[in-house]
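A.B. asks: My questions are about this predicted structure, shown below with the sequence.
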Amino acid sequence: MNRRPERSNERRRRTKKEDPERRRPPNPVQLNPPPPSQRHLLAVDMGLRTGLAIYGPDGRLLSYRSKHFGSLSELRKGVGTIIRESPPLGWIWLEGGGDIAEVWEKQAAHRGIDFRQVHAADWRQCLMLPRQQRSGDIAKREADGLARRVIAWSGAPKPKGDLRHDAAEAILIGIHGAIEVNLLDRVPKL
């Protein structure tokens, strides 16, 4: 029984000694951020069912999709992959909060990407009339039509089937973000 605690103590001592010596290589994204002409915006309507939309440097929607994560641990693994597979990102705009938002925020900070968290009321006020926001259900229905107009305006591929509400809301979070970070100077005529 005495040997086991000694080994774990030795491991702890070795680990403590090695930690300061172990250095991570510098993050290339932080050292060499993409030039403004190549920065994209990733908009996220988060949850285990997540809506994603990518906007290009010209402020137009490039792609959108819905991704289902079976669990929080699956989401933690998937966020890094989503960011790595995205074009060079300057911004991540996310609607939501809690543990899931922290996962996105940490990944963005690690990569030197500007992270902004918004509430539905923020982007809805910018893009919808008061009558379109009377309730959450009405706003979700209105979001579908508005997102389809953004898709058409951007020249992005039309949805093959139904447009999921999380993808529609990610599209609208993204257009709001594109205006706020000056990719667009105003809401386009949709």
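C.D. replies: All right, it came through fine. Numbering: from 1, shown residues only.
A.B. asks: residues of stretch 101-121 that come out buried?
C.D. replies: Buried residues in stretch 101-121, counting neighbours by 16 or more other Cβ atoms under 10 Å, are found at 101, 103-105, 107-108, 111, 113, 115-118, 120. Every C-beta, even on glycine, is put in place using the N, C-alpha and C of the backbone.
A.B. asks: what does stretch 86-104 give?
C.D. replies: Within stretch 86-104, the residues scored as buried using 16+ other Cβ under 10 Å are 86, 89-96, 100-101, 103-104.
A.B. asks: so what's Gly80 up against?
C.D. replies: Gly80 sits next to Gln107 when contact means Cβ atoms under 8 Å, 6 or more residues apart in numbering.
A.B. asks: Distance of it relative to Lys106?
C.D. replies: 10 Å (Cβ to Cβ, to the nearest Å).
A.B. asks: Likewise for Gly70?
C.D. replies: Gly70 sits 21 Å away from Lys106, going by Cβ to Cβ.
A.B. asks: cool, and Leu61?
C.D. replies: 26 Å.
A.B. asks: What ranges does the chain have for its strands?
C.D. replies: Counting by DSSP state E, the chain has strands at residues 40-45, 49-55, 61-68, 89-95, 114-118.
A.B. asks: Test of understanding: give the bridge partners of Leu42.
C.D. replies: Ile54, Ile92 (DSSP bridges).
A.B. asks: With adjacent residues omitted, what lies nearest to the residue sitting nearest the centre point of the chain?
C.D. replies: In the chain, the residue lying closest to the centroid (Cα atoms, centre = their mean) is Val44, at 4.0 Å. Once flanking residues are discounted, Val44 sits nearest to Leu94: 4.4 Å by Cβ to Cβ, 6 or more residues apart in numbering.
A.B. asks: and the one you found, what pLDDT?
C.D. replies: Model confidence at Leu94, given as pLDDT, is 95.
A.B. asks: ok, it - contacts?
C.D. replies: Counted by Cβ under 8 Å, 6+ apart, Leu94 has contacts 43-44, 46, 101, 104-105, 115-118, 173.
A.B. asks: Serialize the buried residues of stretch 101-121 to JSON lines and add fields for pLDDT.
C.D. replies: Shown next, in JSON lines, are the buried residues of stretch 101-121 (pLDDT from 0 to 100):
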{"residue": "Ala101", "pLDDT": "90"}
{"residue": "Val103", "pLDDT": "89"}
{"residue": "Trp104", "pLDDT": "92"}
{"residue": "Glu105", "pLDDT": "93"}
{"residue": "Gln107", "pLDDT": "91"}
{"residue": "Ala108", "pLDDT": "92"}
{"residue": "Arg111", "pLDDT": "89"}
{"residue": "Ile113", "pLDDT": "93"}
{"residue": "Phe115", "pLDDT": "94"}
{"residue": "Arg116", "pLDDT": "94"}
{"residue": "Gln117", "pLDDT": "94"}
{"residue": "Val118", "pLDDT": "92"}
{"residue": "Ala120", "pLDDT": "85"}
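A.B. asks: Can you say which two of the residues you listed are spatially most distant?
C.D. replies: Of all pairs drawn from the buried residues of stretch 101-121, the greatest distance, 25.7 Å, lies between Arg111 and Ala120 (Cβ to Cβ).
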